[in-house]
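**Student:** Below are the sequence and a predicted model for it; my questions follow.
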Amino acid sequence: MPWNIPILLTWTRVLLIPIFTVLFYLPTTWIEPQTVNLAAALIFAVAAVTDWFDGFLARLWRQTSDFGAFLDPVADKLMVAVALLLLVAEQRTYVIFAIIIIGREITISALREWMAQMGRRNSVAVATIGKLKTAAQMLAIFLLLLGDNEFYRFDFIMIGNILMCVAAMLTVWSMFYYLKMAWQEVIKK
């Protein structure tokens with residue numbers, strides 16, 4: 001396994017997941033709920049930034065590797081899935097959004113693995129629709145993690161759920177896009 005800064009940033013995301021999770025289970029006598037919300041949102045923001053930054057650095061410094069290509073999406077999917085499950089448990093978002101997003105991630109991960117085995121990994125490479133989905137999803141989760149923190153009278157829960165609805169629609173759209181791209185490769189064969 002190669003050790004470089006992009007891989008270390010990816011491992012940082014993996015290591016942030018238990019810290020992020022434990023915040024929600026600490027007694028309120030130890031840490032106030034508002035502080036939990038802010039800390040969780042900041043940890044999630046750091047994870048989202050390192051997601052972009054590790055890929056950027058890996059390409060810039062030509063430090064891409066098969067292990068990094070494997071670990072990066074796993075770290076992303078774990079962080080998003082854990083955040084969604086915690087938000088559903090906290091009743092800040094709807095279970096249907098979590099089902100759609102997590103279900104799509106499992107489906108597309110399996111599809112990418114299958115296409116890679118066929119030697120057609122690039123046929124399901126990340127597209128613009130996938131990037132838009134990710135941006136909406138990350139911003140929605142960040143706002144939902146902020147919870148009841150009032151800032152200039154913004155209702156973070158309401159805005160976060162509107163964005164989560166947009167993210168869920170983009171999630172379905174992107175899933176069908178990737179399935180269509182893969183199907184075109186399958187019928188060529």
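**Tutor:** Here it is on my side, so go on.
**Student:** Next, count neighbours for residue 57.
**Tutor:** By other C-beta atoms under 10 Å, the residues close to residue 57 number 17. (C-beta placed from N, C-alpha, C; glycine too.)
**Student:** What of residue 168?
**Tutor:** Residues lying near residue 168 (other C-beta under 10 Å) number 23.
**Student:** And residue 143, how far from residue 177?
**Tutor:** The spacing between residue 143 and residue 177, counted by C-beta to C-beta, to the nearest Å, is 26 Å.
**Student:** Of these two, which one has the most company?
**Tutor:** Neighbours were counted for residue 143 and for residue 177 using other C-beta under 10 Å; residue 143 has more, 23 against 18.
**Student:** can I assume that one is in contact with residue 163?
**Tutor:** Yes. The pair residue 143 and residue 163 qualifies as a contact (C-beta atoms under 8 Å) at a distance of 6.6 Å.
**Student:** Nearest the middle, which residue of this protein would you pick?
**Tutor:** Nearest to the mean C-alpha position of the chain, counting by C-alpha atoms, centre = their mean, stands residue 80 at 3.9 Å.
**Student:** Contact partners for that one?
**Tutor:** Contact partners of residue 80, counting by C-beta atoms under 8 Å, 6 or more residues apart in numbering, are 101-102, 105, 137, 141.
**Student:** any idea which of the residues you listed is least confident?
**Tutor:** Within the contacts of residue 80, the minimum per-residue pLDDT falls on residue 105 (91).
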